[in-house]
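In: My questions are about this predicted structure, shown below with the sequence.
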Amino acid sequence: MRNWEGIWRRVLSAALTILIGVASAGAAPPMDKNFYLPDAAASKIVSVTKEGNPEAEVIVLTEAVAIKETGPKETVAKFGEVYAFSPTFIAIRREVPTMLTFWNLQPDDEHDFMLAAPDSTVLMHLKLMPLTKTSYIFTFHRDGIFNFYCAVHQPEMNGQILVLPPTSAK
Ligand SMILES: [Cu+2]
């Protein structure tokens, strides 16, 4: 009986995952204790939503700098596989909803996006699945330098978001 319950639970959770996936055009990244959006406290620093009306969009690519499939072999031997975000620097206005769309260009490599507050507190962590576009709308409520990381590819796969005050013209 226990086993059946376990199996049903797994079937239901798989079905739910598929439903959630379909609801958001198949691009829903997995969320669990390791992958999450900002909680209530972190949302006071940056709110992150799927839906909304972004005023700007930035596309962030995951680039293979040196990998085993394409080399250079000597570089991979010396440094291991090296990936980078592109761009690595993004300037965003505070209180301006900005869509960040991550394109994971690799067919067989997972990346992720871990965003840290200016005091280095981790605010959120997204999984970026192979050959997948992942979009969220970010509204920052604090100015400052926010570092971001792919936790899989450290120490090299990083970037910075500089949050500036709203323009006075606005
Ligand atoms: Cu990565």
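Out: Thanks, I have it. From a predicted model like this one, the values you see are computed outputs, not experimental measurements.
In: Got the phi and psi for the most centrally placed residue in the chain?
Out: Among the residues of the chain, the one closest to the centroid is Phe113, at 3.4 Å (Cα atoms, centre = their mean). Main-chain torsions, Phe113, degrees, to the nearest 10: phi -130, psi 110.
In: what sits against the nearest residue to it once chain neighbours are set aside?
Out: Distance criterion Cβ to Cβ, 6 or more residues apart in numbering; nearest residue to Phe113, sequence neighbours excluded, is Leu126 at 4.5 Å. Where C-beta positions appear, they are placed from N, C-alpha and C, glycine not excepted. Going by Cβ atoms under 8 Å, 6 or more residues apart in numbering, Leu126 touches Pro29, Phe35, Leu37, Phe102, Asp112, Phe113, Met114, Thr134, Tyr136.
In: mind checking how far the residue nearest to the centre of the chain is from the ion?
Out: Separation of Phe113 from the ion (Cβ to the ion, to the nearest Å): 9 Å.
In: How about Val82?
Out: Val82 sits at a distance of 10 Å from the ion (criterion: Cβ to the ion).
In: Tell me the bridge partners for that residue.
Out: Under DSSP bridges, the beta-bridge partners of Val82 are Ala66.
In: what about the strands in the protein?
Out: Taking DSSP state E to define them, one finds strands in the chain at 46-49, 56-66, 82-86, 89-93, 98-104, 111-116, 122-128, 132-140, 144-149, 158-164.
In: could you dump those to JSON lines with mean pLDDT?
Out: JSON lines is the format used below for those (pLDDT from 0 to 100):
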{"stretch": "strand 46-49", "mean pLDDT": "98"}
{"stretch": "strand 56-66", "mean pLDDT": "97"}
{"stretch": "strand 82-86", "mean pLDDT": "98"}
{"stretch": "strand 89-93", "mean pLDDT": "97"}
{"stretch": "strand 98-104", "mean pLDDT": "98"}
{"stretch": "strand 111-116", "mean pLDDT": "98"}
{"stretch": "strand 122-128", "mean pLDDT": "97"}
{"stretch": "strand 132-140", "mean pLDDT": "98"}
{"stretch": "strand 144-149", "mean pLDDT": "98"}
{"stretch": "strand 158-164", "mean pLDDT": "98"}
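In: Enumerate the residues of the protein near the ion.
Out: When proximity is defined by Cβ under 5 Å from the ion, the chain lies next to the ion at Tyr83, His111, Cys150, Val152, His153, Met157.
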